[in-house]
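> Here's a sequence, model it:
(chains A and B, ligands or ions: 1)
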Amino acid sequence: MTTASRQATIRFPYKRSLGPVMGAFMTALTEQRFLGIRSGDRVICPPREWDPDTAADLSADDLVEVGPAGTVESWTWVAAPGAAHPLDRPFAFALIRLDGADTTLLHAVDAGAIDVMATGMRVAPRWKAERTGHITDVDAFVPGETPEGGGGAGAEEPVTMMEYDAAITYTLPITPNEARDAEWVAQGRFLGLQCPVCGRTYLGSRGYCPVDAVELGAEHEVELPQRGTITNFTIVTPVQYPGQTETDPFPRVHVLLDEHDVVLGYQNLIEVPVEEVRVGLRVQAMWDTTGDAAELEGWIPTGEADVEDPDLVNRIC
Amino acid sequence: MAARTDDDIAIIGWSQSPMVRATNKTETQMLLEVITGAVEHTGITRAELDFTCAGSCDYVAGQAFSFVQNIDAIGAWPPKRDSHVEMDGAWALYEAWVRLLMGDVDVALATGSGRSSTADPGTIYPMEMDPYYLAPLGVDAMTFAGLQAQALVERGAVTERQMAEIAARTRRDAKDNPFAQVSGDFDVDVLLAEDYVRSPLRRHDLPPITDGASAVVIARGDKARELCERPVWITGFAHYAEIHYPGLRDLTKAESVTLAGKAAGLDEAPIQVAELQTAFTHEEPLVASALGLGPDVEINPSGGPLAGNPIMSTGLVRIIEAAARIRDGGTHRALAHSTSGPCLQQNLVCVLEGDER
Ligand SMILES: [Zn+2]
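Below is the predicted model of the structure:
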């Protein structure tokens, strides 16, 4: 069965503070050097702020230089690299014990072919020409004893922050209710679904009554009216951020529809000055029907007298 | 065998969804169905649930606070005592069990749910790893598994042929599991002729990508007996975690598995069945030996995670399968295992027992 779907990409543009130990490690990467940290009689690389066994505080004073070459302790061949991987051709991920360290660093080995890889093999870093103080300043390790690449100077100031900009693209199926709801909206109509147990009505995109945990479907359809009453509102004073197109203060209102107990939240109210927006105002839907599919522009006053009900403001959903 | 008291807690009902490559349901709808299934299996209504705890993951769901809308599946009116763990549902059950130990409420529900079909798992998994040293390299679950498998192969703890035999055995066993996603008869020599995905792992060594959900109802002693003719008693429940970064661990060992097993009282009596969350073939002998399981213990008769791996629910399904062997099969004592983190970083063991019959 094929299903309609929509795609959405979520970006995670993190900036992270590094602290004294990882900051020193990242700074050293810009200088084409590796640092480990002494804890008791062993050296841990990549360094951590605490001993992993005892949780004892480790001091940046105990950082020691290790590597640059090292020995592969385990590895796995990545025949078809993914978009998030450091190399776009087949490579190995490996656990590498840098010379002078007692623990291993996980990184990529650009070996060319799986036959080249072996536990116990010697590898050395291939440095990037531009280094920012990031684990990917090492482009990859390469077989042998001799570091490659690099050049230029290290960071002028100690590195204290790192960026990690990841993205995940989701493909989410559109449920039958969501699809039918979109069809109704395209016709300038509001679809509702009425719960067969409690009688509450919900917007047509919902899949279930959350009170009774009952599935809702086409057999529960009702047409919702185009008129209602404002139960609550806020005036938004826009601040500029990417995607913000508003420049003047504007209202967002909750509309309780007539006949059915359904509140449409965060609706656009048009043709009403912000100082006149109020609870109890009677409104009706206004659709833009100039395109192939109708779009809800917002709500305009009907001209009827306000509803006087002090409980209205309590209706938020 | 110690007599059961009111402080003993039992599994009294459960439900799991079919394990599928991609569902067209929302996560909430999947949960709605398994919660309905679990309360009907128990013979109660949602209103009789005193406490609920859900296991799910925002990165898998693709939405911040995704568990909030999942509450819709519980029927949370009048309001319920509810909690959530960003862990497999097995840990949600652990929290529900701890909650019942407090003694003031009698019946609890735990769920696990996830739709791994919605994005490339290779882009989701790194987000949950060490953000300084691991995540920026895009190190995914298959890579961690490959590194651990290679270490085990070189230590002589397992061979690629044994791994293929585990894949063939579990998927053959899965033919009897109506919920399984991958099942059938596979020829080990044919499997071994395939290319590596992450050496030494081939496609058959990996779990499928699965959408699914599960739900379990537990109750305190007297209430469990009142509601259920054959309660499955939780006689031990424990979890332990090791250091996260794999370069700081001996990947040929799984010490936290051993500790969790001991803390759950695994040694107190023999078990007949073990349902292990070993999603990669090489993990089965490692976990089995860390638990000290002998050749007489039947491992993953359901097919295990290699037959269906609904991330965030896979561990809770192990508990359901182990409980089902006790209630509906001839098993007296069984264990279920769940794991989280790279290279079996954190491990949970739940020991289950039926009444003497
Ligand atoms: Zn209802």
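
> Only C-alpha atoms from now on, for both contacts and neighbour counts.
Will do.

> Quick check: residues of the stretch 151-300 of chain B near chain A?
Listed as neighbours of chain A in the stretch 151-300 of chain B under the rule CA under 8 Å from any CA of the partner chain: B:Ala151, B:Tyr196, B:Val197, B:Arg198, B:Ser199, B:Pro200, B:Ile243, B:Pro246, B:Gly247, B:Leu248.

> same thing but at 10 Å, please
Proximity of the stretch 151-300 of chain B to chain A, by CA under 10 Å from any CA of the partner chain, involves residues B:151-152, B:154, B:195-201, B:242-251.

> which of those residues count as buried?
With neighbours counted using 16 or more other CA atoms under 10 Å in any protein chain shown, these contain these buried positions: B:151-152, B:196-201, B:242, B:244-249, B:251.

> Give me the subset of the residues of the stretch 151-300 of chain B next to chain A lying in helices.
B:Ala151, B:Leu152, B:Glu154 (DSSP state H).

> so the second one makes contact with B:Thr281?
It refers to B:Leu152. No. If you go by CA atoms under 10 Å, B:Leu152 and B:Thr281 don't touch, sitting 11.5 Å apart.

> residue boundaries of the helices in the stretch 151-300 of chain A?
Here the stretch 151-300 of chain A has its helices, by DSSP state H, counting those that start in this stretch, at A:176-186.

> got the domain boundaries for chain A?
A:17-167, A:175-224, A:226-317 (automatic domain parsing).

> Which one of the residues in the stretch 201-350 of chain B is closest to the ion?
Among all residues of the stretch 201-350 of chain B, B:Ala215 sits closest to the ion, at 21.6 Å; criterion: CA to the ion.

> Which one of the ones in helices among the residues of the stretch 151-300 of chain B next to chain A is nearest to chain A?
Taking CA to the nearest CA as the measure, chain A lies nearest B:Ala151 of those, at 5.7 Å.

> who's in contact with the residue nearest to A:Thr229 when sequence neighbours are not counted?
Distances taken as CA to CA, 6 or more residues apart in numbering or on different chains place A:Arg282 nearest to A:Thr229, at 4.6 Å, with adjacent residues excluded. Counting by CA atoms under 10 Å, 6 or more residues apart in numbering or on different chains, A:Arg282 touches A:227-231, A:255-258, A:299-307.

> how far does the host helix or strand of B:Thr36 sit from the chain's center?
Taking DSSP states H and E as the criterion, B:Thr36 maps to helix B:27-42. Taking CA atoms, centre = their mean, to the nearest Å, the mean C-alpha location of helix B:27-42 is offset from the chain mean by 18 Å.

> What of stretch A:99-111?
30 Å.

> repeat for stretch B:57-64
19 Å.

> How about residues contacting that stretch?
A:8-10, A:168-172, B:26-27, B:65-67, B:84-88, B:112-121, B:123-125, B:127-128, B:311-312.

> again, but for stretch B:95-102
Residues outside stretch B:95-102 that contact it (CA under 10 Å, 6+ apart): B:6-11, B:50-54, B:82-85, B:89-94, B:105-110, B:216-220, B:234, B:237.

> Just the buried residues from those, in ChimeraX please.
For the buried members of the contacts of stretch B:95-102, the matching ChimeraX selection, counting by 16+ other CA under 10 Å, is:
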select /B:8,9,10,11,50,51,52,53,54,82,83,84,85,89,90,91,92,93,94,106,107,108,109,110,216,217,218,219,220,234,237
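
> tell me the contacts of residue 159?
I'll assume chain A. Contacts of A:Val159 by CA under 10 Å, 6+ apart are A:17-20, A:22-30, A:132-134.

> that's the wrong chain, I meant chain B
B:Ala149, B:Gln150, B:Leu152, B:Val153, B:Glu165, B:Pro200, B:His282.

> I'd say A:Thr169 and A:Phe12 touch.
No. With contact defined as CA under 10 Å, A:Thr169 does not reach A:Phe12; the gap is 11.4 Å.

> and those two? which has more neighbours close in?
Neighbour tally, A:Thr169 and A:Phe12, criterion other CA atoms under 10 Å in any protein chain shown: the higher count belongs to A:Thr169, 16 against 12.

> Show me the strands in the stretch 151-300 of chain B, by range?
Applying DSSP state E, counting those that start in this stretch to the stretch 151-300 of chain B gives strands spanning B:196-198, B:201-202, B:211-220, B:232-241, B:273-275, B:298-299.

> other SSEs contacting the third one?
The elements that strand B:211-220 packs onto, with contact taken as 3 or more CA pairs under 10 Å, 6 or more residues apart in numbering or on different chains; DSSP states H and E, are strand B:9-16, helix B:27-42, strand B:51-55, helix B:89-101, strand B:107-115, helix B:221-227, strand B:232-241, helix B:314-328.

> can you tell which of the ones you listed is closest to A:Thr103?
strand B:232-241 (19.0 Å; CA to CA).

> Could you find the closest non-adjacent residue to A:Leu312?
Nearest to A:Leu312 is A:Thr231, by CA to CA, 6+ apart, at 5.1 Å.

> again, but for A:Pro251
In space, A:Pro251 is closest to A:Ile235, 4.4 Å off (CA to CA, 6+ apart).

> Equivalent analysis for A:Ala305, please.
A:Ala305's closest residue in space is A:Arg282 (CA to CA, 6+ apart), at 7.2 Å.

> Okay, now the unreliable bits of the chain?
I went with chain A, as the question did not name one. For chain A, the stretches flagged by pLDDT under 70 are A:1-3, A:316-317.

> wrong one, I was asking about chain B
B:1-3, B:357.

> Spatially central residue for it, please.
B:Gly315 (0.8 Å; CA atoms, centre = their mean).

> wait, which of the helices and strands packed on strand B:211-220 is closest to A:Gly265?
helix B:27-42 (21.3 Å).

> ok, and does that closest one reach over to chain A?
Yes. Residues of helix B:27-42 contacting chain A under CA under 10 Å from any CA: B:Thr28, B:Gln29, B:Leu31, B:Leu32, B:Glu33, B:Ile35, B:Thr36.

> Now do the fifth one: how many residues are near it, please.
Spelled out, that is B:Glu33. 20.

> give the contact list for the residue of chain A found nearest the ion.
Closest residue of chain A to the ion, CA to the ion: A:Cys198 (4.0 Å). By CA under 10 Å, 6+ apart, the residues touching A:Cys198 are A:Cys209, A:Val211, A:Asp212, A:Val214.

> quick one: secondary structure of the closest residue to B:Phe237 other than its chain neighbours?
If the residues on either side of it in the chain are set aside, B:Phe237 comes closest to B:Cys350, at 4.5 Å by CA to CA, 6+ apart. Three-state call for B:Cys350 (DSSP: H, G, I helix; E, B strand; the rest coil): strand.

> Run a quick neighbour tally on residue 174.
Just going to use chain A. Neighbour tally, A:Ile174, other CA under 10 Å: 17.

> Let me rephrase: I mean chain B.
B:Ala174, neighbours per other CA under 10 Å, totals 25.

> which residues does it contact?
B:Ala174 touches B:168, B:180-185, B:300-304, B:306-308, counting by CA under 10 Å, 6+ apart.
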